[in-house]
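Asker: Quick one: sequence plus predicted model below, questions after.
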Amino acid sequence: MNLELRHLRVVCAIAETGSVTKAASTLGLAQPALTAQLQRIERALGGALFDRDRRGARPTALGELVLARARVLLPAMKGLQDEAARLASAGDALSRYRFGGVNSPILGRLVHRIAAEQPAAPISTYASWSVDELSQLVFNGRLDYVLTGVCGDAAPSAEFGLSWREVAVDPVFVLLPESHELADRDEVPLEELRHEQWVAAPGDGCFGDCFAAACARSGFTPRKVYETDIRVCMDLVEAGVAVALCQATFRPVPGLVTRRLAGNPLRWRLLLGWHPESPAARFADGVLATAMAAYTDSLAPHPAYLEWLLDHPEFGARRRSTPV
């Protein structure tokens, strides 16, 4: 019998659980089948890998040697598989787009534009509240691009080695019911919302801390911020139970209004990310330009904000997007 990687995984599972029975459960195998497989592995290697008794299974000297090699080979093979997944689509990178998004109001418009430009190209999207999860999927070759936002001057984690570019920068708005006493203002001072209950979409960035800091600068501590999905956020705001922080390009909804916070105490940077060694990297400039155009499309329902942007060029789409 030739030794294979699956055999090394069996040896590692037995060592990690300390029991053939527990390892069989972990691997989804019947205990007699795993015992028989271990015996075949031991015959192939020429000796016992474990001392086994009622207390469990403990590696022999030969077993320790095999484990030491397995713990090097298995991660190396996993790395090879991840690299292969990133490169596997090199021949058809122009004809397939896989996007991940974190609560992005322009993802739909981006997909619409790419579909119009390349009607034969398959396009898929994957939504998550976690930019780290999406970055991991891009790193593993499961996604091509990720569209997400970060607070202020923050940057996504560098753990996954992605390249990031700014699509746009906006001040953060507040979402109010039309019946709210401040709904007729063009902008709302944050301190005038000191008694409100807050609700927001979840995320794994620093926005919650930045919001608390902005409230502290305005002289108050916000009431607890409840995290829930966007639909529930909108329902709670419409019911007058809470107010919500939202992006400037939040799609208009009957019964709700968005208002800019006075003095722009919070900023939201929309970013596009990809892996620099993936096939998608060769087409990133074009996708970035399309994302900026999609952002511009999203401004059409917000004429007042469009007019405000003319006097505030530090906000809006990035004309020259630099690395983040």
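Answerer: Yep, that arrived.

Asker: Please enumerate the strands of this protein.
Answerer: Using DSSP state E, the strands of the chain run over 50-53, 56-59, 97-101, 123-127, 145-151, 163-171, 173-177, 187-188, 198-200, 225-227, 243-246, 256-261, 267-274, 316-317.

Asker: Out of those, which gets the lowest mean score?
Answerer: Mean pLDDT is lowest for strand 225-227 among the strands of the chain, at a mean of 81.

Asker: list the buried ones in that strand?
Answerer: Buried residues in strand 225-227, counted by 16 or more other CB atoms under 10 Å: 225-226. In this view, the C-beta of every residue, glycine as well, is placed from N, C-alpha and C.

Asker: for stretch 135-152, same thing?
Answerer: Those would be 135-141, 143-152, for stretch 135-152 by 16+ other CB under 10 Å.

Asker: any idea how far it is from the chain center?
Answerer: 5 Å (CA atoms, centre = their mean, to the nearest Å).

Asker: Straight-line length of that stretch, end to end?
Answerer: 20 Å (CA to CA, to the nearest Å).

Asker: one step back: including distance to Ser157, could the strands of the chain go into a markdown table?
Answerer: Converted to a markdown table, these look like this (distance: least, CB to CB, whole Å):
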| stretch | distance to Ser157 |
| --- | --- |
| strand 50-53 | 40 |
| strand 56-59 | 36 |
| strand 97-101 | 14 |
| strand 123-127 | 18 |
| strand 145-151 | 10 |
| strand 163-171 | 10 |
| strand 173-177 | 26 |
| strand 187-188 | 32 |
| strand 198-200 | 21 |
| strand 225-227 | 20 |
| strand 243-246 | 22 |
| strand 256-261 | 27 |
| strand 267-274 | 11 |
| strand 316-317 | 25 |
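
Asker: Which one, of those, ends up nearest to Ala304?
Answerer: The closest of those to Ala304 is strand 256-261. By CB to CB, the value is 8.9 Å.

Asker: Only C-alpha atoms, please: export the closest one in PDB.
Answerer: Taking C-alpha atoms only, strand 256-261 is exported to PDB below (Å, rounded to 0.1, in the frame of the first residue of the first chain):
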ATOM      1  CA  LEU A 256     -38.300  57.300   6.200                       C
ATOM      2  CA  VAL A 257     -35.900  60.100   5.600                       C
ATOM      3  CA  THR A 258     -32.100  60.300   5.700                       C
ATOM      4  CA  ARG A 259     -30.400  63.400   7.100                       C
ATOM      5  CA  ARG A 260     -26.700  64.300   7.300                       C
ATOM      6  CA  LEU A 261     -25.200  64.600  10.700                       C
END
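
Asker: What segments of the stretch 151-300 of the chain are helices?
Answerer: 207-217, 230-238, 284-298 (DSSP state H, counting those that start in this stretch).

Asker: Show the contacting residues for the residue most central in space within the chain.
Answerer: In the chain, the residue lying closest to the centroid (CA atoms, centre = their mean) is Val131, at 2.3 Å. Counting by CB atoms under 8 Å, 6 or more residues apart in numbering, Val131 touches 102, 146, 148, 150, 156-157, 203-205.

Asker: Between these, which sits nearest Ala120?
Answerer: Nearest to Ala120 among these, with distances taken as CB to CB, is Val146, at 23.7 Å.

Asker: Surely that closest one is in contact with Phe99?
Answerer: Yes - using CB atoms under 8 Å, Val146 is in contact with Phe99, at 7.3 Å.

Asker: Count the neighbours of the closest residue in space to Val241 that isn't next to it in sequence for me.
Answerer: Once flanking residues are discounted, Val241 sits nearest to Gln197: 6.5 Å by CB to CB, 6 or more residues apart in numbering. Residues within reach of Gln197, counting by other CB atoms under 10 Å, total 16.
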